[in-house]
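J.: heads up, no residue letters with this:
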Ligand code: SF4
Ligand code: SF4
């Protein structure tokens, strides 16, 4: 029984002389190659000369995470583990510690993540960790995770995730764009 009308009857017919010498097929293939070469050389190309030229990212692009600090420079994360629970790829691991006396300038909450790791090879950049976080501690940014040859180097610890005080990462513009897009979608 035919499910569609796209099926073709296969005929095991003898090849003609021109088919047997392959020359017309080779010339046809070369003509196609030449056509594309001319189009790419003289016509409009979609190829960018990376890395000199980079493509503009969508405002909602989700890349390398950041663990934020508050205005006083204290780490926002309280090691509650909600991001790890929400993560569908089980990419997040952490070790919680109690904040000690005298460490109030380092950690905002009484509990903090002594170890916080994201395995970037497991991560699917879904953003669920960002949504699950009650402390506005973790955000995805538009930074690209750099390539590497060693698997272990893709396990990003706090040194790669917590923002540096002299290189604060502003996520407000991105957050605003995301909210605007969501609002526009809801209004549709
Ligand atoms: S972006 Fe998604 S997959 Fe990656 S760490 Fe967050 S929750 Fe896990
Ligand atoms: S990043 Fe947020 S959700 Fe994850 S452990 Fe820290 S405070 Fe909790």
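T.: Structure's in. What do you need? Please read all numbers here as calculations on a predicted model, not as lab measurements. Ligands and ions are numbered 1, 2, ... in the order given.

J.: distance of residue 20 from residue 14?
T.: Residue 20 is 9 Å from residue 14, where distance means CB to CB, to the nearest Å. Every C-beta, even on glycine, is put in place using the N, C-alpha and C of the backbone.

J.: actually residue 124, not the one I typed
T.: 53 Å.

J.: look at the two and report which has more neighbours.
T.: Using other CB atoms under 10 Å as the criterion, residue 124 and residue 14 rank with residue 124 on top: 11 against 6.

J.: and the more buried one, what pLDDT?
T.: If you check residue 124, the pLDDT there is 97.

J.: one more: residue 174?
T.: Reading off the model, residue 174 has pLDDT 82.

J.: hang on, it packs against residue 142?
T.: Yes: contact status for residue 174 versus residue 142: in contact at 6.5 Å, counting by CB atoms under 8 Å.

J.: quick one: buried residues of stretch 56-72?
T.: For stretch 56-72, the neighbour count (16 or more other CB atoms under 10 Å) marks 62, 64, 65, 66, 67, 68, 69 as buried.

J.: now for the third one: which residues touch it?
T.: Each residue near residue 65 by CB atoms under 8 Å, 6 or more residues apart in numbering is listed here: 118, 129, 130, 138, 139, 140, 141, 156, 161.

J.: list the buried ones in the helix or strand encompassing the second one?
T.: Yep, that's residue 129 we're talking about. Using DSSP states H and E, the element containing residue 129 is helix 128-132. Neighbour-count burial for helix 128-132 flags 128, 129, 130, 132 (criterion: 16+ other CB under 10 Å).

J.: closest one of those to residue 181?
T.: The shortest gap between residue 181 and any of the buried residues of helix 128-132 belongs to residue 130, at 14.9 Å (CB to CB).
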